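Asker: kindly generate the corresponding structure for this input.
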Amino acid sequence: MLTTSITPANQRKSVRHSLMYYLNTFDSNTQQLLGHLIDISIEGAMLFSTKSIPCGDKLKLHIELPAGFSDGRFLDVEAESVRNIRDINPDYHNVGFRFIDLDSRSQEVIESLIDYYVF
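Answerer: Numbers count the residues shown, from 1 in each chain. Sure, this is the predicted structure:
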């Protein structure tokens, strides 16, 4: 049985792009692996996770960037969970996040990811 939890805030305005590499994503506060970033836009991202992250939860995501990608190894962004759908494999969830107040560096990194690592 699929379970769905979606908030009105998840009505995205831009297309998300599927990444060639799934990027390890951690909770900045606990350093716990949350899952793997599978698609991204300038407004948000989708995480493939074994964890169910309730809609409305705000987290600081610590995203591991591809080797040699930029001057930093990680991208840190604040995000709110706006979608939580159980995957076809019941051990996993697809969790949608909306980015909150991206700074200019974070925007540039995300735009570069879209330019070079989507298919």
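Asker: Glu43 is in contact with Glu111, correct?
Answerer: No. Applying C-beta atoms under 8 Å, one finds Glu111 not in contact with Glu43, separated by 12.0 Å. Any C-beta I mention is one placed from the backbone N, CA and C, and that applies to glycine too.
Asker: what's the burial count for the spatially closest residue to Asp87 that is not a sequence neighbour?
Answerer: Leaving out its chain neighbours, the residue that sits closest to Asp87 by C-beta to C-beta, 6 or more residues apart in numbering is Asn94, at 5.6 Å. Asn94 has 18 neighbouring residues, counting by other C-beta atoms under 10 Å.
Asker: kindly report the same for the one 5 residues further on.
Answerer: The burial metric for Phe99, expressed as a neighbour count using other C-beta under 10 Å, is 19.
Asker: would you agree it is in contact with Ser81?
Answerer: No. Counting by C-beta under 8 Å, Phe99 does not reach Ser81; the two are 11.6 Å apart.
Asker: pLDDT averaged over stretch 86-97, what's the number?
Answerer: Stretch 86-97 comes out with an average pLDDT of 96.
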